[in-house]
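**Q** Take a look and give me a structure for this.
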Amino acid sequence: MFERRLAVFGESWPLKEPFRISRGVKTAAQVVVVELDCNGVVGRGEAAPYPRYGETVEAVIDQITAVAGVIEEGISFGELQKILPAGAARNAVDCALWDIRARWRGVCVARTLGLPAPRPVETAVTIGLDTPENMARKAGELSGCPVLKIKLDREQITARLTAIRDQAPSARIIIDPNESWSIDILRAHNDFLADMNIALLEQPLPADQDQGLETFTPAVPVCADEACHTAADLAGLTGKYQFVNIKLDKTGGLSEALALKQQAVQMGFGIMIGCMVSTSLAMAPALLLADDAAFVDLDGPLWMARDRDHGLEIENGIIAPPSSALWGGGMPAN
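**A** Residues are numbered from 1 along each chain as shown. Purely as a prediction, here's the structure:
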């Protein structure tokens, strides 16, 4: 007889320093955690509600609570996608289901899916929006990291990137204006981005105002972030973007993220695996997608003043495989 109990609650994790992007400043990671207990075996999932998509911690908890009874009765991954939309709520539940399945059966999630076991991978390390001098100083401190991600807005684009590149001459650099640019700004800086040897430009234009990309010839590959949530979005991105950024909080969990990645590769898109500002519990499922991705951006735990127990080890921009105690590791079979 299986007895399932679902718990859902919000948590606030203070950051080491303010996280600034073009649309605001964050001083703590506000997350929602789901714990699914089945006869004493517990699976966990974490999600970060994102105001950009109209999400709040309270609303996400309400979404999950409304279907808790159905989940406790037993639910498949496919059935979950029918009762919750893509977004943070479904992500937390989906990841908890994968975790408990692994722990109950004693087989890790990677093996269940036929994926390679997680291995050390390069992650971008993010430099938040600041003055050119402060951003350059941070780049110097991170000079040992192979990939940097630079948050930008409309101001001081050339000054910031020039100062950063001077301090990080060999790093692969991703820049992310978080939808703050116009097509005119993009056109004006196209050659400059190539001169700075920028590796990837992430979502420069607002997702609902990106038609200008259809007639734009980029000197640097352009990656869809806010414009790409699930596999259903891919058809509308063709001819505009060369890469897609897959985030579990957008897809609504690992299940849809796997489908999105598979279809995106088949359609010729390059792959970036990204995250919201969250703890290691949210990063671990995404690492299953990272093995063959061109870009990985899972540095959320580096922003935490304190991470979870058994958190990911990230040193000089390299993420070590997660501990089975954190997420997704099957218990030893009897």
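
**Q** drop to CA atoms for contacts and neighbour counts, all remaining ones
**A** Will do.

**Q** tell me the phi and psi of residue 145?
**A** Per-residue torsions, residue 145: phi -90, psi 130 (degrees, to the nearest 10).

**Q** Tell me how many other residues crowd the closest residue to residue 316 other than its chain neighbours.
**A** The shortest distance from residue 316 to any non-neighbouring residue, by C-alpha to C-alpha, 6 or more residues apart in numbering, is to residue 145 (4.8 Å). Using other C-alpha atoms under 10 Å, residue 145 has 21 neighbouring residues.

**Q** cool, and residue 76?
**A** 10.

**Q** And residue 131, by the same measure?
**A** 14.

**Q** Could you say which helix or strand holds the closest residue to it other than its chain neighbours?
**A** In this structure, residue 131 finds its nearest non-sequential neighbour in residue 160, 7.2 Å apart by C-alpha to C-alpha, 6+ apart. Under the criterion of DSSP states H and E, residue 160 resides in helix 157-167.

**Q** And that helix, how far out from the chain middle?
**A** 25 Å (C-alpha atoms, centre = their mean, to the nearest Å).

**Q** Likewise for stretch 305-325?
**A** For stretch 305-325, the distance to the chain centre is 15 Å (C-alpha atoms, centre = their mean).

**Q** Could you check how far the spatially most central residue of the chain is from residue 102?
**A** Centroid-nearest residue in the chain: residue 275, 1.6 Å away (criterion: C-alpha atoms, centre = their mean). Distance of residue 275 to residue 102, computed by C-alpha to C-alpha, to the nearest Å: 23 Å.

**Q** The one helix or strand residue 29 maps to pairs with which strands?
**A** Element membership for residue 29, per DSSP H and E: strand 24-38. Applying DSSP bridges, strand 24-38 is found paired with strand 4-21 (antiparallel), strand 41-47 (antiparallel).

**Q** for those strands, which one sits closest to residue 66?
**A** Of all the strands paired with strand 24-38, strand 4-21 sits nearest to residue 66, with 11.1 Å by C-alpha to C-alpha.
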